[in-house]
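A.B. asks: turn this into a structure:
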Amino acid sequence: MSEVYEIALQGMKLQKAYLEAASKNIANANQISSSPNDVAKPFMASLNSRNEVEVIEQDIAMKAIYKPEHAKSDAQGFIYTPDINMVEQMLMLNKANRHYEANIKAFNAYKEMGAKAIEIGK
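C.D. replies: Residues are numbered from 1 along each chain as shown. Coordinates of the predicted model:
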């Protein structure tokens with residue numbers, strides 16, 4: 001039964017990381033920079049080699065938009081923004097929230113079964 005406990009906890013940790021990554025991406029989606037080097041990188045959740053959950057930056061290209069009238073445009077007239085799709089990030093938030101809830105239900109069911117087993121054993 002402890003495997004159920006560990007799987008549910010690991011699932012909650014992973015979904016929490018997905019929520020964190022999507023939240024950061026949504027917060028940075030409309031950031032504008034005058035240099036491609038200063039653009040915020042998108043985040044993603046992953047498991048490392050030690051099976052630990054972490055939120056890491058992705059090395060994904062940014063969008064260059066030609067807007068010479070913008071105050072932050074560079075010498076060539078471009079502004080730079082992260083290549084973040086808001087719809088995908090909102091879906092990620094929703095999906096991670098649902099999966100987190102499912103892991104909580106599995107964890108609570110495990111606790112209830114343990115309590116019932118102790119009652120039966122008395």
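A.B. asks: output the longest helix belonging to the protein.
C.D. replies: Among the segments of the chain that qualify as a helix by DSSP state H, the longest is helix 86-121.
A.B. asks: so which elements touch it?
C.D. replies: helix 2-28 (3 or more C-beta pairs under 8 Å, 6 or more residues apart in numbering; DSSP states H and E). For every residue, glycine as well, the C-beta is placed using N, CA and C.
A.B. asks: from the chain's centroid, how far away is the longest helix of the chain?
C.D. replies: 18 Å (C-alpha atoms, centre = their mean, to the nearest Å).
A.B. asks: before we move on, what about stretch 22-31?
C.D. replies: 11 Å.
A.B. asks: for it, buried residues please.
C.D. replies: For stretch 22-31, burial by neighbour count (16 or more other C-beta atoms under 10 Å) applies to 22-25, 28-29.
A.B. asks: mind putting the residues you listed into TSV with distance to P82 and pLDDT?
C.D. replies: Output for the buried residues of stretch 22-31, formatted as TSV (distance: C-beta to C-beta, whole Å; pLDDT from 0 to 100):
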residue	distance to P82	pLDDT
A22	13	96
S23	14	96
K24	10	96
N25	8	96
N28	6	95
A29	6	93
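A.B. asks: nearest to A45, out of these: which one, please.
C.D. replies: Using C-beta to C-beta, A22 comes nearest to A45 of the buried residues of stretch 22-31, at 8.6 Å.
A.B. asks: which residues touch that closest one?
C.D. replies: 89-90, 92-93, 96 (C-beta atoms under 8 Å, 6 or more residues apart in numbering).
A.B. asks: do S23 as well
C.D. replies: L93 are the contacts of S23 under C-beta under 8 Å, 6+ apart.
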